[in-house]
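Asks: Sharing a model prediction with you, sequence too.
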Amino acid sequence: MPSQRADARGEKPCGDYDRATAHLDAPLAVIDLRAFDANAADLVRRSRGKPIRVASKSVRCRALLERVLARDGFAGILGFTLAESLWLARSGFPDVLVAYPSADRAGFAELTTDAGLAAAVTVMVDDPAQLDLIDAARPRGAGGGEEVRVCLELDASYRLGAVRVGARRSPLRSPDHLAALARSVVRRPGFRLVGLMAYEGHVAGVGDEVAGRPVFSRAVRVMQAAARKELARRRWEAVRAVRAVAPRLEFVNGGGTGSVQHTAAEAAVTEIAAGSGLYAPALFDNFRSFRGRPAALFAQPVVRRPGRGVVTVLGGGYPASGAAGADRLPVPYLPTGLRYDPQEGPGEVQTPLLGPAADGLAIGDKVWFRHAKAGELCERFDALQLIDGDRVVDTVPTYRGEGRTFL
């Protein structure tokens, strides 16, 4: 087996991963615990003392959620569906904010009939119709059952005239819009307004130093600087408007892995959302302000050697969500110097890889990849091998491994 193949940054020899998993057949997925913990520490450093709410969609493994939440500086979970959030709350996680509105009537019926779940789970609302849906699911009609904790979402996108940059999320853009919905919530029996959220994905999830694209990177930095300034002002005004309606607002959530330090500097923000930075997937290589250590990898076995300078591994076609493009593909990571065949790319059942490093690989060897995004890797594997140095120290199930596929 090839030994001590160094990665491009000189951070982790491939031999460690090979030795740790020598007793295991690929395909498999691993978490490098030393990198995971270092990334967690860096997030805390950048959060400037404000607690980090962990985005579960980027982790999708209960054991690793427990690991990071046991660290100082982390508190609470940002869930991605109501069903997932209820499951996590039933599993003992005491503070789960659902990051997206839901139309899960069965979930709302459960939430409004279980006092423990109602105390642990906060739902996201940006439209009065969502409140109607919850009321319709209550066992005793509108206002019946347990009080539902509610968070409002502010649209964080940046606009220059007709140009819009950022995710299409909440329709609530102005402080007046938020205040109007806040009044609707506090007047309505069975609901309690506890939080406000704004996710600046155009800052937190868009790299500002993309290799080989200096002009694009400079343009991104200019856009992000202007967007941060505009959002900080508008978020402050929105929080003030909502607090005028609900003075006991418990939290104001903002951020994302790529904007932790910027969002933490805003006085109006009380907690930071982050998750992808724990795994440091390939899309997060393109930020100037921080450097994560790759912590989540998967291995595919070499099953063919079609010719000089080429090997073929089994499977590997695991594209990430988002606008289709090369940046959504997994990155051949170790050994260094491998690339996709442009005529095939990563395939459903086989993936040819080109480059001089191919000639050092034998049938049965592992090729290590990084996924473009964080938690989506866990939808492909039912278990994660936890590696410390050159040893597997534990095997833990992903959501998939526990029979849970929420989206």
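Replies: Thanks, I have the structure now.
Asks: show me where pLDDT drops low in this protein?
Replies: 1-14, 204, 207 (pLDDT under 70).
Asks: try 50 this time
Replies: 1-13 (pLDDT under 50).
Asks: what's the residue nearest the centre of it in contact with, if anything?
Replies: Most central in the chain under CA atoms, centre = their mean is residue 58, positioned 3.0 Å from the mean C-alpha point. By CB atoms under 8 Å, 6 or more residues apart in numbering, the residues touching residue 58 are 257, 275-276, 278-279, 373-375. Where you see a C-beta, it was placed from the backbone N, CA and C, and this is true even at glycine.
Asks: can you give me the helices for this structure?
Replies: Assigned by DSSP state H, the helices in the chain fall at 14-20, 33-46, 62-69, 82-90, 105-111, 115-120, 128-137, 175-187, 201-204, 214-245, 260-264, 276-279.
Asks: residues in contact with residue 252?
Replies: Per CB under 8 Å, 6+ apart, neighbours of residue 252: 195-197, 235, 239, 268-271.
Asks: export these to TSV and tack on distance to residue 220 and neighbour count?
Replies: Converted to TSV, the contacts of residue 252 look like this (distance: CB to CB, whole Å; neighbours: other CB atoms under 10 Å):
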residue	distance to residue 220	neighbour count
195	30	21
196	27	28
197	24	25
235	21	23
239	27	22
268	25	19
269	22	23
270	28	17
271	26	23
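Asks: export those to TSV and tack on distance to residue 308?
Replies: Listed next are those as TSV, based on distance: CB to CB, whole Å:
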residue	distance to residue 308
195	59
196	60
197	54
235	57
239	62
268	60
269	56
270	59
271	55
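Asks: just the helices of the chain: most buried one?
Replies: Each of those was assessed for mean neighbour count using mean count of other CB atoms under 10 Å. The highest is helix 276-279, with a mean of 28.
Asks: I'd say residue 54 and residue 78 touch.
Replies: Yes - counting by CB atoms under 8 Å, residue 54 touches residue 78, with 6.6 Å between them.
Asks: hey, what's in contact with both of these two?
Replies: residue 275.
Asks: Next, the nearest residue to residue 145 once chain neighbours are set aside: phi, psi?
Replies: When the adjacent residues along the chain are set aside, residue 145 lies closest to residue 112, with 3.5 Å between them (CB to CB, 6 or more residues apart in numbering). Main-chain torsions, residue 112, degrees, to the nearest 10: phi -80, psi 0.
Asks: ok, longest strand in this protein?
Replies: strand 296-307 (DSSP state E).
Asks: and the angle from that one to helix 33-46?
Replies: 130 degrees (axes from the mean of the first three to the mean of the last three CA atoms, to 10 degrees).
Asks: Run the chain-centre distance for strand 296-307.
Replies: Strand 296-307 has its C-alpha centroid displaced from the chain centroid by 27 Å (CA atoms, centre = their mean, to the nearest Å).
Asks: Kindly point out the strands partnered with it and how each is oriented relative to it.
Replies: strand 28-32 (antiparallel), strand 310-314 (antiparallel), strand 366-370 (antiparallel) (DSSP bridges).
Asks: so which of those is the most packed in?
Replies: Mean neighbour count (mean count of other CB under 10 Å) peaks for strand 366-370 among the strands paired with strand 296-307, with a mean of 25.
Asks: thinking again about what came up before, do I have it right that the residue nearest to residue 145 meets residue 141?
Replies: No - the criterion here is CB under 8 Å, and residue 112 misses it with residue 141 at 10.5 Å.
Asks: higher neighbour count, these two?
Replies: Neighbour tally, residue 112 and residue 141, criterion other CB atoms under 10 Å: the higher count belongs to residue 112, 22 against 11.
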